[in-house]
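S.K.: one predicted model, sequence on top.
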Amino acid sequence: MKNHPEKPEACDGIEAVEGTAFRSSSTPQQVKTSSSKGPMIAVATVAATGTAAVLVNMSDAVQFEKLQAELDRVMEECVDLADRTIDSRRPKGEILDSVRCNEEVGKDANGKRVTRAMQLGNEKHKEASNCVEEKLSKLIKGQFRIEQRYRYDPLTGKLKLVSTEEEQHLIRQGRKHELRGTLKPDVVIHSGDPTQARLVYDFKFPCGNDKPPTWRVYEKGAYRDSTQGEQYNEAFGVPPGRVAPGKKGVIR
């Protein structure tokens, strides 16, 4: 629904959770580390032997490139796993075409129709998010957010976090319109400050469509005629990556 509100057959479902250490050792004692050369991508975990975990300095191009490649693999693996897992629960031999994807399978809390594409997209997003959280909790600590909502001010270029509590409060009070213009990537990798993004990912689960995933084009509002990817790029300052099952790599 987030990406294809006018084309539910292409819908990839819903859009936050902090992780918990990059190449961590087996002991729970943790030591925060900083560097004058730039922000770190990890918090060291010191073993009983005194050996620290590997740290990646975000300003070190070589280390960052290696980390990005590793994180890209995590996203690809989780999206592929989610796709296979949810598809394995469908009736054997079921073929998903545009008609089947657009079939109504229920109503949401507001009484709006839920199509098969939306249902599958939601389920796959949830499965992929759980997988990413589990894997990143073993790689980085406190440096990723899943489905974190942000307010972006294009005049100042500033990002502000929207907490889950604030989001749910506005929805319960019937003030969901106040969330218009906010951004909610599936995964944000940051330097320790969630508003300082280093990598941004969005999962794409097209229904009955094996074409390369595309960014949603905003048809109205503050972002009218621009794409979701363009807005992520402007707000977070990094090229966002689309991750779809079977697509051999993150598309940036």
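M.R.: Yep, that arrived. If you're wondering where the values come from, they're calculated on a predicted model, not measured in any experiment.

S.K.: Asp97: how many residues sit nearby?
M.R.: Number of residues near Asp97 (other C-beta atoms under 10 Å) recorded here: 11. From N, CA and C alone the C-beta is placed, and that goes for glycine too.

S.K.: repeat that for Gln228.
M.R.: Residues near Gln228, counting by other C-beta under 10 Å, number 20.

S.K.: surely it meets Lys204?
M.R.: No: here Gln228 does not reach Lys204: they are 10.5 Å apart, not a contact under C-beta atoms under 8 Å.

S.K.: surely Asp202 is in a strand?
M.R.: Yes: when classified by DSSP: H, G, I helix; E, B strand; the rest coil, Asp202 is found to be part of a strand.

S.K.: state the distance from the residue nearest the centre of the chain to Leu155.
M.R.: Compute the mean C-alpha point of the chain, and by C-alpha atoms, centre = their mean the closest residue is Asp186, 1.6 Å away. Distance, Asp186 to Leu155, by C-beta to C-beta, to the nearest Å: 26 Å.

S.K.: elements contacting the longest helix along the chain?
M.R.: Identified as the longest helix of the chain according to DSSP state H is helix 61-87. Of the remaining helices and strands, those touching helix 61-87 by 3 or more C-beta pairs under 8 Å, 6 or more residues apart in numbering; DSSP states H and E are helix 116-136, strand 197-203, strand 241-243.

S.K.: of all these, which lies closest to His190?
M.R.: Put simply, out of these the one that sits nearest His190 is strand 197-203, at 5.3 Å, with distance taken as C-beta to C-beta.

S.K.: what's in contact with that closest one?
M.R.: Residues lying outside strand 197-203 but in contact with it, judged by C-beta atoms under 8 Å, 6 or more residues apart in numbering, are 3, 12, 41, 58, 64, 68, 71, 75, 79, 82, 124-125, 128-129, 185-191, 228-229, 232, 236-238, 240-244, 250.

S.K.: can you give me how far stretch 198-206 is from the chain middle?
M.R.: Relative to the chain's own centre, stretch 198-206 is displaced by 5 Å; criterion: C-alpha atoms, centre = their mean, to the nearest Å.

S.K.: scratch that, stretch 227-246 is what I was asking about
M.R.: Stretch 227-246 sits 10 Å away from the centroid of its parent chain (C-alpha atoms, centre = their mean).

S.K.: kindly export it (C-alpha atoms) in PDB.
M.R.: C-alpha atoms of stretch 227-246 as PDB (Å, rounded to 0.1, in the frame of the first residue of the first chain):
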ATOM      1  CA  THR A 227       9.600   9.300  -6.300                       C
ATOM      2  CA  GLN A 228       9.900   7.600  -3.000                       C
ATOM      3  CA  GLY A 229      13.600   6.900  -3.800                       C
ATOM      4  CA  GLU A 230      14.300  10.600  -4.600                       C
ATOM      5  CA  GLN A 231      12.800  11.700  -1.300                       C
ATOM      6  CA  TYR A 232      14.800   9.100   0.700                       C
ATOM      7  CA  ASN A 233      17.900  10.300  -1.100                       C
ATOM      8  CA  GLU A 234      17.200  13.900  -0.300                       C
ATOM      9  CA  ALA A 235      16.200  13.300   3.300                       C
ATOM     10  CA  PHE A 236      18.800  10.800   4.400                       C
ATOM     11  CA  GLY A 237      21.600  11.900   2.100                       C
ATOM     12  CA  VAL A 238      22.400   8.400   0.800                       C
ATOM     13  CA  PRO A 239      21.200   6.500  -2.300                       C
ATOM     14  CA  PRO A 240      18.400   4.100  -1.000                       C
ATOM     15  CA  GLY A 241      18.500   0.500  -1.900                       C
ATOM     16  CA  ARG A 242      15.500  -1.500  -3.200                       C
ATOM     17  CA  VAL A 243      15.600  -5.200  -2.200                       C
ATOM     18  CA  ALA A 244      13.300  -7.600  -4.000                       C
ATOM     19  CA  PRO A 245      13.400 -11.500  -4.000                       C
ATOM     20  CA  GLY A 246      15.500 -13.100  -6.700                       C
END
